[in-house]
Structures are given as structure tokens and as C-alpha cells.
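In: What follows is a protein structure lacking sequence information:
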């Protein structure tokens, strides 16, 4: 399976083409003056987590302002072993707890469409998918 989800039942035309770039432009902590993995690769997850990311980034923005963390930024946003992984610099324990909570939430949301999902192993490729999207992912042996 490639990063474009060509096998997903969700039609590609329903997805805004530049949704990842739009999110990165909206939140300053997603754009850092130094070279980061996030600056180089962008957000590395599928469209199904878009709402989850939007919700998380809104909360991060509030926490950073409330705690006067002008140097807070995200280094990487990605999927790893079917969970959302976000690495940051210059945060605090409140931010880290929030990131951990959203990692836990992500394994219950289909990465492809955003519906409730479960972790599945597809020949070593671990994805969180709903029953509908599971049919479009590499088949289990």
C-alpha cells in the first residue's frame, strides 16, 4: 500500500489535495525556522486522521499560548505501527500528556477514512482500519 491510499474505498476526490500543507500553514508550531523532519517531509499520515490532528493542533496552540511557550514546535508528525507519533521541542508536561493521549486515541480511528477502527496486521504492515477500509488494504495471508 502506498501513501496515496489508492486501494481505499474512500474516493480520492473527497480529499482536499493539499490538506496537509493547509494545516501546516495554519499553525506556527508546525513551521520552524530550523530544518526539521516535519519541514522536509510534511505530515506523514493518512487523511482519516485529519480531524484528530486538527483537534490536537487547536489544543496545542491554546496550551502553548497559555504557558507562554513561544519556542515550542513540532519536529515530526507521522504514523508508526498504526499509531500517531508526534515529536516536539520546547514543550512541557501538559503538552507531552496531550500528545500521549492522542497517540492512544489514534489506534481507535481508521487511518484511511476517520471512522472507528482497530489495529490489524497485514503481512507485517500494521494499520488501524475500519471494516470497510480493511478490504482495500493488502490482504492477510
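Out: Alright, I've got the coordinates. Note that the structure is a prediction, hence the values are computed from the model and not measured.
In: what ranges of the protein fall below the confidence cut-off?
Out: 1-14, 138-141 (pLDDT under 70).
In: List the buried residues for the biggest helix by length in it?
Out: Scanning the chain for the longest helix, with DSSP state H as the assignment, gives helix 50-66. Neighbour-count burial for helix 50-66, with 16 or more other Cβ atoms under 10 Å as criterion, is recorded at 50, 52, 53, 56, 57, 60, 63, 64. Using the backbone N, CA and C atoms, a C-beta is placed for each residue, glycine as well.
In: go on, stretch 125-141?
Out: The neighbour-count check on stretch 125-141 (16+ other Cβ under 10 Å) flags 127, 128, 129, 130, 133, 134, 136, 137 as buried.
In: any idea where the strands of this structure begin and end?
Out: Secondary structure of the chain (DSSP state E): strands at 73-80, 83-89, 118-122, 125-129.
In: Take those and lay them out in TSV including distance to residue 18.
Out: Shown next, in TSV, are the strands of the chain (distance: least, Cβ to Cβ, whole Å):
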stretch	distance to residue 18
strand 73-80	16
strand 83-89	20
strand 118-122	28
strand 125-129	24
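In: Out of those strands, which is closest to residue 22?
Out: strand 73-80 (13.9 Å; Cβ to Cβ).
In: ok, residue 73 - contacts?
Out: 28, 29, 30, 31, 32, 36, 88, 89, 90 (Cβ atoms under 8 Å, 6 or more residues apart in numbering).
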